[in-house]
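Asks: when you get a sec, could you give me coordinates for this:
(chains A and B)
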Amino acid sequence: DTGVSQNPRHKITKRGQNVTFRCDPISEHNRLYWYRQTLGQGPEFLTYFQNEAQLEKSRLLSDRFSAERPKGSFSTLEIQRTEQGDSAMYLCASAYRGGLNTEAFFGQGTRLTVV
Amino acid sequence: GESVGLHLPTLSVQEGDNSIINCAYSNSASDYFIWYKQESGKGPQFIIDIRSNMDKRQGQRVTVLLNKTVKHLSLQIAATQPGDSAVYFCAEKGAAGNKLTFGGGTRVLVKP
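Replies: Below you'll find the model as predicted:
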């Protein structure tokens, strides 16, 4: 499968713990996005990278959230001191900038439950 | 599997009939639009896209119509099949932006 891969698929954590998610984009894609989705809502933008540079962050991304893409390939999203309100599906998407079509392809997501 | 959305607008359609899903957008500067399909427990799946210099685009069994005057987007699915049951989202990107902004979603239920 050469699509976007996210790990883990599910994560249950206690409030106050730190969690880290990983996203492996489609190999030739230079753009990588993180979104958050809660039940009944569309995905909400969190942040995006062009290669290794983090170019935009949403106001939704509090200082407890940090994302990295150190070599311009895979990315990690860390949430520190998790809160119950962080429970959501975290989606990663990748896209290729430069082509006529710039559709973003999504991974299967990481479902986070904070108890 | 886990439900994507419990309180979404729902379109019930008979198998074999055509489906039309509507989406209104607010940003007149948006220049690129995508329809995604999301099945329970899965990430959004790309269906079809359209640029603002077009008003219609067709794919396999799907057609997207764009009316920039009233900022309205629609997705038509021909001969709806049970596998089309899912939540459908429209997404838009502004000319100066780099991210997709999603609408609220519509659940499609196909009745056999």
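
Asks: quick one: stretch B:77-87 near chain A?
Replies: No - applying CB under 8 Å from any CB of the partner chain, one finds stretch B:77-87 separated from chain A by no less than 8.9 Å. For glycine as for every other residue, the C-beta is placed from the backbone atoms N, C-alpha and C.

Asks: gap between the two ends of stretch A:4-19?
Replies: Taking CA to CA, to the nearest Å, the span from the opening residue of stretch A:4-19 to its closing residue is 20 Å.

Asks: what's in contact with it?
Replies: For stretch A:4-19, contacts defined as CB atoms under 8 Å, 6 or more residues apart in numbering or on different chains pick out A:21-26, A:78-84, A:90-94, A:105-115, B:43.

Asks: buried stuff in that stretch?
Replies: Judged by neighbour count using 16 or more other CB atoms under 10 Å in any protein chain shown, the buried positions of stretch A:4-19 are A:4, A:6, A:11, A:13, A:19.

Asks: against chain B, how distant is the fourth one?
Replies: Applying CB to the nearest CB, to the nearest Å, the value for A:Thr13 to chain B is 18 Å.

Asks: next one: the last one
Replies: Per CB to the nearest CB, A:Val19 is found 19 Å from chain B.

Asks: got the contact list for the strand or helix carrying A:Tyr35?
Replies: A:Tyr35 belongs to strand A:31-37 when assigned by DSSP states H and E. When contacts are defined by CB under 8 Å, 6+ apart, strand A:31-37 is touched by residues A:23, A:25, A:43-50, A:60, A:67, A:69, A:75, A:77, A:88-97, A:104, A:106, A:109, B:98-100.
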